[in-house]
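A.B. asks: Pasted the sequence and its predicted model underneath.
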Amino acid sequence: MHQSQALEIMKAGANVFLTGQPGSGKTYVINEYVRYLRSFGIDPAITACTGIAATHIGGLTIHSWSGIGVKETLSSSELAAIVGNRRLARRFAKTNVLIIDEVSMLKPGILDLVDAVCRRAKKSPAPFGGLQAVLVGDFFQLPPVMRSSGRLPADDLFRSEQPRFAFEAASWQRANLVVCYLTEQYRQDDPEFLGMLKAIRENNFGARHLALVKSQLIDFANAPSGAPKLFSHNVDVDLINNKKLAELPGRSKDFIMSSRGPKPLVAALQKGCLSPSVLSLKTGAAVMFTKNDYQSRFVNGTLGTVISFDEVTGYPAVETKAGSRIATEPSEWTLEENGVPRASLTQLPLRLAWAITIHKSQGMSLDEAVMDLSGVFEFGQGYVALSRVRRLSGLHLAGYCQRAFEVDPLVLAKDEEFLARSLESEAGLADVSPADRQRKQRDFIFACGADFDSPAPATQKRIKQDTYAQTLALWQQKKDIAAIARERGLTQGTIVGHLEKLAAKKLVDPKDLVHLLAAEQKKNLAEISAAFDALGFERLSPVFEKLNGRYSYDQLRLFRLALAVSRADEPPDVLS
């Protein structure tokens, strides 16, 4: 099925299972559908079953959105408590469309719980309470992590032993999902490699494909230094990244994540964010971008090397594998609900990339990767790792086992059914006239409380002004840091960094920044000056620790500028 056909089916309001091999454009279709709904003022609930996937799409985990949290079973009283929660009740009342990404990693019992919560909250016996359910995923990829369930409540609603995959859930069967199986490929551009991946999916992996694999075997010690290494276990990843960073000369520079919003939501964002809370870098460090750039300079998975640090902001410049040089700046990860930001993180969109887990690589597109598949222990792990790479020449294999090329027999059988049902969906769509198609789409938009013929005013896309120029313009309007941060939707720390750079370019007078320090803070300038003199101006972390955290990093940056003014100096070189 083509992407446009899947979109037409979704627009008619059908419950949909959107699937397809990695790189077939599932995320693109969902993003287009979300844009379509929002053009009518309809905000879908965008969720995923893992924190990483939820962070990628700017949504909540399905556990958080539904209110079930970490529970895997619900008693009648617990279900009533969820539905009776005012905040959750408002959330459910506003929702007409529920999107669940990476449903292949969702346990069937959890899907049944979400269905039960939605039916009770919407006071409707219809599947998911009458919400349009759009389930997205590929069951050949990583399956749910199962563990023993322990003792169940006496009146547990779901007492039977649960099977493993979401398609085995009772709610899946009741939802009458229209299957949209995307068959185009936008990641791999190597027909031979694509054929090998297809053979794994179809359980036809044979001697010819194994010969291709063996042609890419390498000695791990001779692996390309710039290519990320994929492992099954976190311990291997941490060991390699820390070892490689330590081998580089010089002191590491630490970039500390900032956050805003309720602690539980911030914690959920941090769990899913691929950039660490403390990012340690040196010149020469192998890095990977962890976010898609609005200017299309990089995508989640773009590889590069740190080549320098800005003399003013301290932010790293990265040279990508393609030869592009990118001056990095902090990015923001936002958790939204009904179009309203609830929490956010700000950090450089980077992580060390000498090594990464297969689990965290899901959703990435890599030009090349080194992987050791000899430790694969789960169906799907080998396939996910292999399908991250765009072409065979980018695959560097340090080892493998038979399990790396195997798929779950149940998933294999179900996938054949999904493909057949998708062909039926295509035929059914072709039988509907354009007029009837538009009528169904109009009826669905109306059922969501919007007017098909009078869409919400579209947000005009404007050419993005240079970020420093935007901050400078607001500063010249005599607005303080907090006001500028609010207006720009950035953190105060980011605005302080902008002002530092503007001061270095002599576009802002550092003397104008000194008044931002409170009177009692100015009294402590001597103490802080001594700390900077002892430890240097280059890094804030040692000064922060020496002063026992009595001053925030943002305050220390302002102090640093104040000291430069008091000594009639240029603003010093600064690093986060």
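C.D. replies: In hand now; what should we look at?
A.B. asks: For A223, which non-adjacent residue is spatially closest?
C.D. replies: V370 (4.4 Å; CB to CB, 6 or more residues apart in numbering). Quick note: C-beta positions are derived from backbone N, CA and C, even for glycine.
A.B. asks: where's stretch 423-434 relative to the chain centroid, distance-wise?
C.D. replies: Distance of stretch 423-434 from its chain centroid, counting by CA atoms, centre = their mean, to the nearest Å, is 34 Å.
A.B. asks: try stretch 193-209
C.D. replies: So, by CA atoms, centre = their mean, the centroid of stretch 193-209 is 29 Å from its chain's centroid.
A.B. asks: So for that stretch, what gets flagged as buried?
C.D. replies: 193-194, 196-197, 199-201, 205, 209 (16 or more other CB atoms under 10 Å).
A.B. asks: cool, and stretch 122-132?
C.D. replies: Buried, per 16+ other CB under 10 Å, within stretch 122-132: 122, 127-129, 131-132.
A.B. asks: okay if I get these as JSON lines plus pLDDT, distance to R342 and secondary structure?
C.D. replies: JSON lines is the format used below for the buried residues of stretch 122-132 (pLDDT from 0 to 100; distance: CB to CB, whole Å; DSSP: H, G, I helix; E, B strand; the rest coil):
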{"residue": "K122", "pLDDT": "92", "distance to R342": "22", "secondary structure": "coil"}
{"residue": "P127", "pLDDT": "94", "distance to R342": "27", "secondary structure": "helix"}
{"residue": "F128", "pLDDT": "94", "distance to R342": "23", "secondary structure": "helix"}
{"residue": "G129", "pLDDT": "93", "distance to R342": "22", "secondary structure": "helix"}
{"residue": "L131", "pLDDT": "94", "distance to R342": "20", "secondary structure": "coil"}
{"residue": "Q132", "pLDDT": "96", "distance to R342": "23", "secondary structure": "strand"}
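A.B. asks: need these in CSV with distance to R391, can you?
C.D. replies: Formatted as CSV, those follow (distance: CB to CB, whole Å):
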residue, distance to R391
K122, 47
P127, 42
F128, 40
G129, 45
L131, 40
Q132, 38
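A.B. asks: quick one: which of these is nearest T357?
C.D. replies: Minimum distance to T357 across the buried residues of stretch 122-132 is 32.3 Å, recorded for F128 (CB to CB).
A.B. asks: ok, and the closest non-adjacent residue to that closest one?
C.D. replies: Nearest to F128 is C118, by CB to CB, 6+ apart, at 4.5 Å.
A.B. asks: tell me the secondary structure for F139?
C.D. replies: coil (DSSP: H, G, I helix; E, B strand; the rest coil).
A.B. asks: Now for V266: which residues touch it?
C.D. replies: 259-260, 343, 345 (CB atoms under 8 Å, 6 or more residues apart in numbering).
A.B. asks: Out of the buried residues of stretch 193-209, which comes closest to A427?
C.D. replies: R201 (23.1 Å).
A.B. asks: For that closest one, which non-adjacent residue is closest in space?
C.D. replies: R201's closest residue in space is F140 (CB to CB, 6+ apart), at 5.6 Å.
A.B. asks: Quick one: distance of the helix or strand where A420 lies to the chain centre.
C.D. replies: Remark: A420 resides in helix 409-430, with elements defined by DSSP states H and E. Distance of helix 409-430 from its chain centroid, counting by CA atoms, centre = their mean, is 29 Å.
A.B. asks: quick one: contacts of it?
C.D. replies: 1, 5, 8-9, 17, 19, 139-140, 165, 167, 178-181, 201-203, 379, 437.
A.B. asks: Out of these, which end up buried?
C.D. replies: Buried among the contacts of helix 409-430 (16+ other CB under 10 Å): 1, 5, 8-9, 17, 19, 139-140, 165, 167, 178-181, 201, 379.
A.B. asks: Tell me which two in those residues are the farthest apart.
C.D. replies: Top of the distance list for the buried ones among the contacts of helix 409-430 (CB to CB): E8 and F379, 33.2 Å.
A.B. asks: Please identify the one among the contacts of V266 that lies nearest to K506.
C.D. replies: Looking across the contacts of V266 and measuring by CB to CB, the closest to K506 is R260, at 31.3 Å.
A.B. asks: how much space is there between the closest one and T494?
C.D. replies: 11 Å (CB to CB, to the nearest Å).
A.B. asks: likewise H2?
C.D. replies: 41 Å.
A.B. asks: which one of those two has more residues nearby?
C.D. replies: Counted by other CB atoms under 10 Å, H2 and T494 do not tie: T494 has more neighbours, with 24 against 14.
A.B. asks: so the more buried one makes contact with I484?
C.D. replies: No. Counting by CB atoms under 8 Å, T494 sits too far from I484 to count as a contact (9.6 Å).
A.B. asks: what about the stretch 101-250 of the chain, any weak spots by pLDDT?
C.D. replies: Residue ranges of the stretch 101-250 of the chain with pLDDT under 70: 145-162, 187-188, 226.
A.B. asks: Which parts of it are helices?
C.D. replies: 108-121, 170-174, 191-201, 207-214, 234-247 (DSSP state H, counting those that start in this stretch).
A.B. asks: how about the CA coordinates for the shortest one, as CSV?
C.D. replies: Output for helix 170-174, consisting of C-alpha atoms alone and laid out as CSV, is shown next (Å, rounded to 0.1, in the frame of the first residue of the first chain):
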residue,chain,number,x,y,z
ALA,A,170,-9.1,-9.1,22.9
SER,A,171,-9.3,-5.4,22.3
TRP,A,172,-7.3,-5.8,19.1
GLN,A,173,-9.9,-8.3,17.8
ARG,A,174,-12.9,-6.1,18.8
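A.B. asks: Check what contacts it and list those residues.
C.D. replies: 108, 111-112, 114-116, 127-128, 135, 166.
A.B. asks: in that helix, what's buried?
C.D. replies: Quick answer for helix 170-174 (16+ other CB under 10 Å): 171-172, 174.
A.B. asks: now, among those residues, which is nearest to D408?
C.D. replies: Among the buried residues of helix 170-174, and counting by CB to CB, the member closest to D408 is W172, at 16.6 Å.
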